[in-house]
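Trainee: Pasting the sequence and the predicted model now:
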Amino acid sequence: MGLERKTGVPTFVEQVEALYRRHEHHILPFVGRAFSIPSRTDLRVLTIGINAYISPKDWHPERNQPHPEWLRGWFANGRHRFDRRVLKDATELARQLVPVVPAFAGLGFAGRDSIFHTNAIKVYVPEAKGKHAHQLEDADFERHVPQWHDELRMMSDAGVLPHLVLVFGGPFWRYAWPAFHPAHQASRAGLEVTGYQAGAGEAAHWATRVTIAKQGAQHELLLVRLRHPSGRTPKGSPRWLMDNTDFRTLLRERVKD
C-alpha cells in the first residue's frame, strides 16, 4: 500500500508539513518510507525528542534561518550526537521487541526508513531559552499538544499509525500518554482506544500498551519512555528496559479493555 497522490488530495507528507506550519520558526519532521510509502510488513517507529535549539549565529529570520528542513536533515545525516543516539536506541529496542511482542511478529525494522522523527516542541527555540530542558516551561509544550493529537489522527487516517512510540526524556511523557488514555477524553487524539495497559512496578511511567480500533481491525501500539540520549545512567536505556522484569511482564500481558 502506498500513499501516492490522488488528484487534488495532498500526500501524507504534505498534510504533515501543513500541520507543522501552524507556528513561526517551525521544524519539519523526518518521515521514513515506512510512513510515506508503507507496506504491511513495516514496523513503524515514532521517535520524539524535546526541542531543537539554535545558536545566535544561526538565528536570522530575514534569511529564513533557522530553516524548517534543518531538523529533518540532521536526523537523515546523523549530524549531531543526539540524532545518532536516537537512531541507535530505536534500532536496539525495536530489534529486541520484534521477537517478543506478538503484535510485532512478521514486521521488519529498516533503520531510518522505519522512523518518523520529530520533537515535542515543534518550533526552533533560541539557545538562551532552550539549550537545557529545565529552561522550558509547561506552556512551551502545551502549545504543541493539539499538533501532537492531530499528528496521531493524520497517521490513523493514512493507515500508518506507529507500532512503537519512543519518547526521549521525561518532560513530554506527561503529554504523551493522555492522548491514548480512556479517562482523558478531552485530551485524546480522537482515536478509538479499545485497550490500555500501563506498566507497573519499575515499568510504571516508562511504558504503556494501547490497542486502537481502525476499520474493523485492531492496531497495537507500544508507548515507551527512554532516557534522553545525553543521559549517562543505565536507567531508561533500551538494555535497562529489556532487563526489567516489569517491562517484560507488560509485553506478555493481555491489554485490558
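Mentor: Alright, I've got the coordinates. Numbers count the residues shown, from 1 in each chain.
Trainee: hey, where'd the strands end up in the stretch 151-257 of the chain?
Mentor: 164-168, 192-198, 207-214, 217-226 (DSSP state E, counting those that start in this stretch).
Trainee: Output these in TSV; the columns should cover mean neighbour count and distance to G111.
Mentor: Bear in mind the C-beta positions are built from the backbone N, C-alpha and C, glycine included. Below are the strands of the stretch 151-257 of the chain laid out as TSV (neighbours: other Cβ atoms under 10 Å; distance: least, Cβ to Cβ, whole Å):
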stretch	mean neighbour count	distance to G111
strand 164-168	25	14
strand 192-198	17	29
strand 207-214	20	23
strand 217-226	20	17
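Trainee: show me what contacts the residue nearest to A103 when sequence neighbours are not counted?
Mentor: In this structure, A103 finds its nearest non-sequential neighbour in E220, 3.7 Å apart by Cβ to Cβ, 6 or more residues apart in numbering. Going by Cβ atoms under 8 Å, 6 or more residues apart in numbering, E220 touches 101, 103, 163, 209-212, 255.
Trainee: swap in A203?
Mentor: A203 touches 241, 244, 246-247, 249-250, counting by Cβ under 8 Å, 6+ apart.
Trainee: and if we set it to 10 Å?
Mentor: 224-225, 241, 244-251 (Cβ atoms under 10 Å, 6 or more residues apart in numbering).
Trainee: what's the pLDDT at the nearest residue to it once chain neighbours are set aside?
Mentor: Spatially, and ignoring its direct neighbours in sequence, A203 is nearest to D246 (3.8 Å; Cβ to Cβ, 6+ apart). Listed pLDDT for D246 reads 97.
Trainee: For the stretch 51-200 of the chain, give me the ranges with low pLDDT.
Mentor: For the stretch 51-200 of the chain, the stretches with pLDDT under 70 are 185-188.
Trainee: so what's V100 up against?
Mentor: Per Cβ under 10 Å, 6+ apart, neighbours of V100: 242, 248, 251-252.
Trainee: meant to ask about D58, not that
Mentor: By Cβ under 10 Å, 6+ apart, the contact set of D58 is 65-67, 70, 124, 127.
Trainee: and which of those is nearest to H26?
Mentor: Comparing the contacts of D58 against H26 with Cβ to Cβ places Y124 closest, at 7.8 Å.
Trainee: What distance do you get for H219 to A213?
Mentor: Computed as Cβ to Cβ, to the nearest Å, the H219 to A213 distance reads 8 Å.
Trainee: list residues touching both of these two?
Mentor: 191-192, 194.
Trainee: List just the nearest of those to V45.
Mentor: Of all the shared contacts of H219 and A213, L191 has the smallest distance to V45: 18.0 Å, by Cβ to Cβ.
Trainee: Tabulate the CA atom coordinates of stretch 238-255 in CSV.
Mentor: Output in CSV follows, covering the C-alpha atoms of stretch 238-255 (Å, rounded to 0.1, in the frame of the first residue of the first chain):
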residue,chain,number,x,y,z
PRO,A,238,17.0,0.0,25.9
ARG,A,239,19.0,-2.5,27.8
TRP,A,240,17.6,-1.4,31.2
LEU,A,241,14.1,-1.8,29.8
MET,A,242,14.7,-5.2,28.3
ASP,A,243,16.3,-6.4,31.5
ASN,A,244,13.3,-5.0,33.5
THR,A,245,11.0,-7.8,34.7
ASP,A,246,8.0,-5.5,35.0
PHE,A,247,8.5,-4.3,31.4
ARG,A,248,8.8,-7.8,30.1
THR,A,249,5.6,-8.7,32.0
LEU,A,250,3.8,-5.8,30.4
LEU,A,251,4.8,-7.2,27.0
ARG,A,252,3.2,-10.5,27.8
GLU,A,253,0.0,-9.3,29.5
ARG,A,254,-3.3,-9.1,27.8
VAL,A,255,-4.2,-5.5,27.2
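Trainee: Cool, thanks, signing off.
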